[in-house]
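[1] from the sequence below, what's the structure:
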Amino acid sequence: MNSEMILTGKDIKSCYEHREIFSTGALRDDLKGRSLRGGLYKMTGEGINFILRLASTAILARILIPEHFGLISMVMALTAIAAVIKDFGLSIATVQAKEITHGEASALFWINVSVGALITLTLCMLSKMIARFYADDRLIWVTVGISATFLFGGITVQHQALLWRKMLFGRIATVDVGATIFSCSIAIFLGLKGYGYWALVSREIMSSFFLAIGTWMACGWIPKLPSRNVNIRKMIRVGGDVTAFNVVEFFSRSLDQILLGKFYGPSLLGIYKQGYQLASLPVNYLVHPVHAIAQPGLSVLQDDPVKYRQYYRKIVTSVSFVSMPLVVFLFIHSKDIVLLLLGEKWIEAARIFEIITASSFLIPVVSTTGFVMITCGLTRRFFCLGLAKSIILVLSFVVGIRWGAVGIAYGQLITMYVFVFPLLFLAFKNTPVRAELFFSSILHSLICSLLMGGALFAFSKVISVQNNFFAIAASLPIAIAFYLVAWMVIPGGTQRLKEFFSDFVFVFKKSQRGRVISLS
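    Just a heads-up that it's a prediction; the model follows:
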């Protein structure tokens, strides 16, 4: 008999005690309810976080100067490689696994802790080299400070993954919001006291610190000491493919900041970074909850192709229904939004915001290809497609740097639309999903969003509003009304709207019975 299959009495007791933490049987029994409630929690939590981050950025942008933001971006552009390595893809492996034991989770935990500690030590040792690369000695201690976030991250990864695996998004949202409130408050306080860029460094450190404390309290799982009698080779292989993808993504996604920081300095990089982040916040607000909800749900259904397709279609339709009109609205009001949130001294960021927003139109829905490949066990393909996309993106940056921040932003826009169609057809090969299903799921939202954009553009030409806030406030109800009317006019749109409404009613009825109020 294989020695790996022999369980001691202590192992059996441990399995019994932790079965509620690791078992996902309840998800299949109530997958729709769990998904909708999870979506409600996640969207609410991300929404609050979105508002808090936006508010803190608006405040700090008025307290600090672009150079301060640029200094942090210089370091984080290089340390982003550590950010994608720190969990070694093992959080994804934990969520994707059909079954996982206390021993396996503990083994993965200690790997994450070791990697996090090693990254912290390595960055401290490289701090002088990073400062020399940018020719700015201030970056030595900034790097040392940022390195602490990886130590806290290493002890948090598996606890977050277990909450994610069980779709306990209420607990995750509570922890995230609490960490954001405390860390942003500390940053604003230090900014007002004249600590400059250290306010931004403290925000990163305190956020990871409070996340670690809150996640351990929310999860309630205590890992056991490392053991050699646990076979986690398959999970490490999955994690390795995901990590390889993330490393490639790092080089492509951070090269823009590295090039701008090296050749144009912290001020222009600060402007680019704020325009980019401001445009990315709404997209991330939608993408993160979708990934959190869809991946465990699709993992549960990986042996049922029909339900898998139905679940995927529901996800993509729902995401496109919200994301596409939102991105179009942001594009139309790019200048108003930047001036309102950041102020006049950030006006150059408006152009960056506009270009990045245009490139983000399909990102929330196209990103769903990733968790289709992961949940179907096609992690090697996931890596290869990511590598191909990153090569194209890097080439666009090398060409675009000649035109500064605007050239870099256009590189992302071109890459997105050149790569999207080959990606869709290759990603879905040998999975329950087909590209035709994807396109049919987003078609109504795409058409209605473009029609809404045309209406808003015409409205802005007919009626000119000088105040940025009132320009946005006046346009918003028109956008919502036009978008919904367009849905009802297009064939089949009314039925889709009824489906969305029935899902909201489902959540409401569950909440009336007291099931949604619980943090679980």
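
[2] can you list the domain ranges for this protein.
    30-230, 272-508 (automatic domain parsing).

[3] for residue 265, find the nearest of the ones you listed.
    Closest to residue 265 of the domains of the chain is domain 30-230 (C-beta to C-beta; 7.3 Å). In this view, the C-beta of every residue, glycine as well, is placed from N, C-alpha and C.

[4] adding mean neighbour count and mean pLDDT, write the domains of the chain out as TSV.
    Output for these, formatted as TSV (neighbours: other C-beta atoms under 10 Å; pLDDT from 0 to 100):
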stretch	mean neighbour count	mean pLDDT
domain 30-230	20	82
domain 272-508	18	85
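
[5] where do the helices sit along the stretch 51-200 of the chain?
    With helices called from DSSP state H, counting those that start in this stretch, the stretch 51-200 of the chain shows them at 66-85, 90-96, 102-134, 139-154, 157-165, 169-192, 198-219.

[6] nearest to residue 393, of those helices?
    Smallest distance to residue 393 across the helices of the stretch 51-200 of the chain (C-beta to C-beta): 14.3 Å, for helix 66-85.

[7] I'd like to know which elements that closest one is packed against.
    With contacts defined as 3 or more C-beta pairs under 8 Å, 6 or more residues apart in numbering; DSSP states H and E, the packing partners of helix 66-85 are helix 102-134, helix 139-154, helix 198-219, helix 233-264, helix 266-300.

[8] wait, which of those helices is closest to residue 422?
    Judged by C-beta to C-beta, the one of the helices and strands packed on helix 66-85 that comes nearest to residue 422 is helix 233-264, at 16.5 Å.

[9] still on that earlier bit, tabulate the helices of the stretch 51-200 of the chain (CSV), appending distance to residue 336.
    Supplementary listing: those in CSV, determined by distance: least, C-beta to C-beta, whole Å:
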stretch, distance to residue 336
helix 66-85, 20
helix 90-96, 38
helix 102-134, 34
helix 139-154, 33
helix 157-165, 36
helix 169-192, 24
helix 198-219, 26
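
[10] nearest to residue 304, out of those helices?
    For the helices of the stretch 51-200 of the chain, the distance to residue 304 is smallest for helix 90-96, at 15.8 Å, taking C-beta to C-beta.

[11] so what's residue 175 closest to, chain neighbours aside?
    In this structure, residue 175 finds its nearest non-sequential neighbour in residue 214, 3.5 Å apart by C-beta to C-beta, 6 or more residues apart in numbering.

[12] now find how far off-centre stretch 396-411 is within its chain.
    Chain-centre distance of stretch 396-411: 24 Å, with C-alpha atoms, centre = their mean, to the nearest Å.

[13] what does that stretch contact?
    The contact list for stretch 396-411, computed with C-beta atoms under 8 Å, 6 or more residues apart in numbering, reads 252, 255-256, 259-260, 263-264, 268-269, 271-272, 275-276, 348, 351-352, 355-356, 359, 393, 412, 414-415.

[14] please apply the same query to stretch 182-195.
    Contacts for stretch 182-195 (C-beta under 8 Å, 6+ apart): 52-53, 55-56, 59-60, 63-64, 198-200, 202-204, 206-207, 210.

[15] rerun at 6 Å
    Applying C-beta atoms under 6 Å, 6 or more residues apart in numbering, the contact partners of stretch 182-195 are 52, 56, 59-60, 63-64, 199, 202-203, 206-207, 210.

[16] in JSON lines, list the residues you listed along with distance to residue 103.
    Below are the contacts of stretch 182-195 laid out as JSON lines (distance: C-beta to C-beta, whole Å):
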{"residue": "52", "distance to residue 103": "38"}
{"residue": "56", "distance to residue 103": "41"}
{"residue": "59", "distance to residue 103": "47"}
{"residue": "60", "distance to residue 103": "45"}
{"residue": "63", "distance to residue 103": "49"}
{"residue": "64", "distance to residue 103": "48"}
{"residue": "199", "distance to residue 103": "43"}
{"residue": "202", "distance to residue 103": "38"}
{"residue": "203", "distance to residue 103": "37"}
{"residue": "206", "distance to residue 103": "33"}
{"residue": "207", "distance to residue 103": "31"}
{"residue": "210", "distance to residue 103": "29"}
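
[17] now do residue 180 against residue 52, distance only.
    Look at residue 180 and residue 52: by C-beta to C-beta, to the nearest Å, they are 5 Å apart.

[18] coming back round to it: among the domains of the chain, which is nearest residue 244?
    Of these, nearest to residue 244 by C-beta to C-beta is domain 272-508, at 4.8 Å.

[19] now do the closest one: distance to the chain's middle.
    On the basis of C-alpha atoms, centre = their mean, domain 272-508 sits 13 Å off its chain's mean C-alpha point.

[20] how about the contacts made by the nearest residue to residue 321 once chain neighbours are set aside?
    Excluding its sequence neighbours, the residue lying closest to residue 321 (C-beta to C-beta, 6+ apart) is residue 445, at 5.1 Å. Residue 445 sits next to 320-321, 324 when contact means C-beta under 6 Å, 6+ apart.

[21] run the last query once more with 10 Å
    Contacts for residue 445 (C-beta atoms under 10 Å, 6 or more residues apart in numbering) come out as 316-325, 365, 483, 486-487, 493, 496.

[22] could you do residue 488 as well?
    Shown in contact with residue 488 (C-beta under 10 Å, 6+ apart): 448, 494, 496-497.

[23] need those in JSON lines with distance to residue 465, can you?
    JSON lines is the format used below for the contacts of residue 488 (distance: C-beta to C-beta, whole Å):
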{"residue": "448", "distance to residue 465": "24"}
{"residue": "494", "distance to residue 465": "33"}
{"residue": "496", "distance to residue 465": "33"}
{"residue": "497", "distance to residue 465": "30"}
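
[24] quick check: the two most widely separated of those?
    Within those, 448 and 494 form the most distant pair, 12.2 Å apart (C-beta to C-beta).

[25] end to end, how far does stretch 365-378 reach?
    End-to-end span of stretch 365-378 (C-alpha to C-alpha, to the nearest Å): 19 Å.

[26] what's the distance between residue 76 and residue 187?
    The value you get for residue 76 to residue 187, if C-beta to C-beta is used, is 15 Å.

[27] re the thing from before, now do the shared contacts for residue 448 and residue 494.
    Taking C-beta under 10 Å, 6+ apart as the contact rule, residue 448 and residue 494 both touch 487-488.

[28] you'd agree residue 413 is up against residue 360?
    Yes - taking C-beta atoms under 10 Å as the definition, residue 413 is a contact partner of residue 360 at 9.3 Å.
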